[in-house]
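> here you go, sequence then predicted model.
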Amino acid sequence: MQGLHLTADLSGCKKNLSLMTDADHLRRVCLDLVESSGLTVVGELFHAFPGLTKNQAGGVTGTILLAESHLALHTWPEQQAVTLDVYVCNFSTDNSKKANQLLNSLVDLFEPADANCQNLLRGEVGHAGADATMGQEYLNKHSSYAYRLGPLLHREQSPYQLIEVHESPQFGTLFRLDGDYMTSENEEFFYHEALVHPAAISHGKVRHALILGGGDGGSAEELLKYPSVERIVLAELDEAVIRISRQYLSNIHKGSLDDPRVEIRIGDGLAYVNECHEQFDLVLLDLTDPDTPASELYTAEFFQSVKRILAPGGAMVLHTGSPVFSPQTVQTIYQRLTQHFANVAPFGLYIPLYGAYWSFALCSEQTYSYKLSEHDVLQRIESHKLGKLNYYNEATHFGLFALPGYFRDLLR
């Protein structure tokens, strides 16, 4: 049945703290707020729990049954925290505005220092079917975005992360890790072409490449378009990512994960680089964000280790996050890169699945990313027989490196 489900996790509450331990008073306040929002009460139950000590009152759990569905809340006075849950059915009429009013009134009641609010569309939404929900992701603590998710094809908790594959009406088959959007079959080219082609075309003749991460196979698929490529080592931490990608993401990897030129190493990328005794023309850090299990692969020490395994004329490429929503992270990564590479060329583009302008860095001891003319880039694209790419071409090569003013200022 069609409906809207709202939740809020409140912490650092500064107002009406006595309500957190007074079940009767909290009950009366909540009933008044429900009535003010225009929703209809059909039943209620509030229960006060004993405190952890004799002199300490416990929290309260309360539920109000609505003709439209329910309100539930739980208080943790010892943590000055409250969780809220409002669900309304929208079958015969749209109660969304009333639900939002009720949730906002409850949030204002406690005046939290931080409120993590989320919404979920339930039931038969639009034309996407009964499995459709809005999958929300936070860009930072102040901003979020969401896409409609269709049927869940696979969910698995690996030793490292929660892996989900959905059908998406906007992007086709879509891949998430720990609730964050990673890639999708209809727009993966924005990220993968930007990660691979500016560096590969500038290098001219990539023969050996190392990909750290990249278990969806998208980066390997782009590299294998170059006839010069003889060997790709793909070092992926999580075996489940490779296995699930093989099963569900064929339109992204296009068989690259089973190409004889691709050698898959399951394990810690940091250890692989530290123990590596060969050199690569191109090293791609196709990683999750710095606040994930990949955090150690964003340190200055690790960048120095990667520099050691670059062949003469080689380059390292990585994504560095959004300069709009994570400016401090972007700035910190660039500062670390410039400690070890003579030339760090920032570039960026808007990536639809990530909901933002996204930044990258091409790192080397040369400035070759800028020395080519548009004619030279076109000639190399043709000589490598790359054919039609979806994003990258002789013009966007330079457009990627044309930084907005705010981005240049951030990196100064």
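It's in.
> okay, helices next: where are they in the stretch 101-250 of the chain?
In the stretch 101-250 of the chain, the helices defined using DSSP state H, counting those that start in this stretch lie at 188-203, 218-223, 239-248, 250-253.
> what would those look like in JSON lines with mean neighbour count, distance to Leu403 and mean pLDDT?
Backbone N, C-alpha and C define where each C-beta goes, glycine included. Listed next are these as JSON lines, based on neighbours: other Cβ atoms under 10 Å; distance: least, Cβ to Cβ, whole Å; pLDDT from 0 to 100:
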{"stretch": "helix 188-203", "mean neighbour count": "24", "distance to Leu403": "14", "mean pLDDT": "97"}
{"stretch": "helix 218-223", "mean neighbour count": "27", "distance to Leu403": "23", "mean pLDDT": "98"}
{"stretch": "helix 239-248", "mean neighbour count": "19", "distance to Leu403": "32", "mean pLDDT": "98"}
{"stretch": "helix 250-253", "mean neighbour count": "19", "distance to Leu403": "28", "mean pLDDT": "98"}
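> from Ala57, how far out is the nearest residue to Thr40 once chain neighbours are set aside?
Closest residue to Thr40 apart from its sequence neighbours, by Cβ to Cβ, 6 or more residues apart in numbering: Ala67 at 3.9 Å. Separation of Ala67 from Ala57 (Cβ to Cβ, to the nearest Å) stands at 32 Å.
> Pro77 now?
From Pro77 to Ala57 the distance is 7 Å (Cβ to Cβ).
> in the chain, where is pLDDT below threshold?
1, 53-54, 91-92, 123-132, 367-370 (pLDDT under 70).
> so what does the residue nearest to Ala240 when sequence neighbours are not counted have for phi and psi?
Nearest residue to Ala240 in three dimensions, chain neighbours excluded: Ser158, at 4.0 Å (Cβ to Cβ, 6+ apart). Note on Ser158: its backbone torsions stand at phi -80, psi 180 [degrees, to the nearest 10].
> quick one, domains of the protein?
3-123, 188-411 (automatic domain parsing).
> for Ser184, which non-adjacent residue is closest in space?
Once flanking residues are discounted, Ser184 sits nearest to Phe171: 3.6 Å by Cβ to Cβ, 6+ apart.
> ah, wrong one, I meant Gly355
Gly355 sits nearest to Tyr145 (Cβ to Cβ, 6+ apart), 4.0 Å away.
> report how many residues lie close to that neighbour.
Tyr145: 16 surrounding residues under other Cβ atoms under 10 Å.
> one more: the one 3 residues further on?
By the criterion of other Cβ under 10 Å, Arg148 has 18 neighbours.
> that one and Phe171 touch, don't they?
No - the pair Arg148 / Phe171 is not scored as a contact, 9.8 Å apart, by Cβ atoms under 8 Å.
> enumerate every residue touching the residue nearest to Thr40.
Residues in contact with Ala67 (Cβ atoms under 8 Å, 6 or more residues apart in numbering) are Leu39, Thr40, Val41, Val42.
> show the backbone phi and psi for it.
The phi and psi values for Ala67, taken as degrees, to the nearest 10, are phi -60, psi -30.
> contacting residues around Val233?
Applying Cβ under 8 Å, 6+ apart to Val233 gives the contacts Ala209, Leu210, Ile211, Glu263, Arg265, Tyr272, Phe280.
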